[in-house]
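K.L.:
model this:
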Amino acid sequence: MILQSYQIKIPAKTGNLEVIRNFLISSLQTLKFSEEELNKVLLSVDEACSNVIRHAYNFKENQIKIDLKIEKNKISIFVTDSGKGFDPSKIETPKMDEYLKNFKVGGLGILIMKKLMDEVEYDIRPGSQNKVKLVKYF
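P.N.:
So this is what the prediction gives:
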């Protein structure tokens, strides 16, 4: 049962990542998240939104929508775009020893989301709507 629901629709620009973080902080402030857990949620949503801006929209002007659903024992955050989709099953987990040895930059967003959140699900419909669902239990 959803206790509270919040939504923000905003231009998909890197400059708006702070606005999205502030939206989440103000929406989640009454919950019993530790600062560490809140930071995990913020970083995961930041990564999801950055991926939309960079990969789905290729830095072109468009919208990103964030839906936040608060339930009795969890929050679900949906990041939705209408950009280019991808097949999550074809994204390989980086080999960290090679990654660090070669001083690579980027490419860790999905791994970060999976490590920090309790659930990560994708609903990809290229040319229509793409959605990532991030869940954190409390």
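K.L.:
So what's the residue count around residue 82?
P.N.:
Look at residue 82: counted by other Cβ atoms under 10 Å, it has 19 neighbours. For the C-beta atoms, the positions are set from N, CA and C on the backbone; glycine is no exception.
K.L.:
And for residue 12?
P.N.:
If you count neighbours by other Cβ under 10 Å, residue 12 ends up with 23.
K.L.:
And for residue 65?
P.N.:
17.
K.L.:
Spit out the contact partners of it.
P.N.:
Neighbour list for residue 65: 7, 8, 9, 10, 78, 79, 80, 81 [criterion: Cβ atoms under 8 Å, 6 or more residues apart in numbering].
K.L.:
Kindly report the same for residue 52.
P.N.:
Here residue 52 is in contact with 12, 64, 79, 81, 83, 130 (Cβ under 8 Å, 6+ apart).
K.L.:
Excluding sequence neighbours, find me the nearest residue to residue 70.
P.N.:
Of all residues not flanking residue 70 in the chain, residue 4 sits nearest, at 4.2 Å (Cβ to Cβ, 6 or more residues apart in numbering).
K.L.:
Test my guess that that neighbour contacts residue 72.
P.N.:
No. Contact criterion Cβ atoms under 8 Å: residue 4 and residue 72 do not qualify, at 10.9 Å.
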